[in-house]
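Colleague: Output the structure for:
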Amino acid sequence: MLAIHTTALLAAHDGEVLSNRDMAAFLGASEAHLSKVLQRLGRSGIVASVRGPRGGFMLDKPAEEITLMEVYEAIDGPLAESECLLDEPVCQGNCILGDLLAEVCRMVRHRLSGTRVSNIAASMEGKLRHEEKDNIH
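Modeller: Model (predicted):
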């Protein structure tokens, strides 16, 4: 979730370079944790880092081109197909939940694949208007 919020925040700032410190403060996250998330997003080509005294991070491509599935997979790897909720399956292939887990997985995959970062940036922009936008540079 931190990765999704981070990409939405960067999209809401449309090309501005934001520091790890400012983003962590705004999102209420640890700078160290956010740094690890940003590294993975960078390796995936979702964010770019900018060096220097006014350095930080920005989206590496337009928010309209980034799906939430890309963001999810940059952090957690490919979304697994339905899995048993138990450490050791006991149903022997006949799950008592039927196809519920498979259906939930399909729904999550569909939603993440069909939602662009630009779609959720608008909600972040609304939050920014209520917060002190000047504190994030």
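Colleague: For stretch 62-82, buried residues please.
Modeller: Burial within stretch 62-82, assessed by neighbour count using 16 or more other Cβ atoms under 10 Å, is assigned to 63, 66-75. All C-beta spots, glycine's among them, are computed from the backbone N, C-alpha and C.
Colleague: Pick the one among those residues closest to Gly114.
Modeller: Thr67 (7.5 Å; Cβ to Cβ).
Colleague: Please name the bridge partners of the closest one.
Modeller: As for beta bridges, Thr67 partners with Arg116 under DSSP bridges.
Colleague: Nearest to Leu101 among the buried residues of stretch 62-82?
Modeller: Using Cβ to Cβ, those come closest to Leu101 at Tyr72, 17.5 Å.
Colleague: on that earlier part again, keep only those of the buried residues of stretch 62-82 that are in helices.
Modeller: Per DSSP state H, helices hold the following members of those: 68-75.
Colleague: And for Leu34, the neighbour number?
Modeller: Neighbours of Leu34 under the rule other Cβ atoms under 10 Å: 21.
Colleague: okay, the residue in the chain sticking out farthest from the centre: pLDDT?
Modeller: Here the chain reaches farthest from its C-alpha mean at Gln92, the gap being 35.2 Å by Cα atoms, centre = their mean. For Gln92, the model assigns a pLDDT of 78.
Colleague: sorry, back to before: what would the buried residues of stretch 62-82 look like in JSON lines with pLDDT?
Modeller: Formatted as JSON lines, the buried residues of stretch 62-82 follow (pLDDT from 0 to 100):
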{"residue": "Ala63", "pLDDT": "96"}
{"residue": "Ile66", "pLDDT": "97"}
{"residue": "Thr67", "pLDDT": "97"}
{"residue": "Leu68", "pLDDT": "97"}
{"residue": "Met69", "pLDDT": "97"}
{"residue": "Glu70", "pLDDT": "97"}
{"residue": "Val71", "pLDDT": "98"}
{"residue": "Tyr72", "pLDDT": "97"}
{"residue": "Glu73", "pLDDT": "97"}
{"residue": "Ala74", "pLDDT": "97"}
{"residue": "Ile75", "pLDDT": "96"}
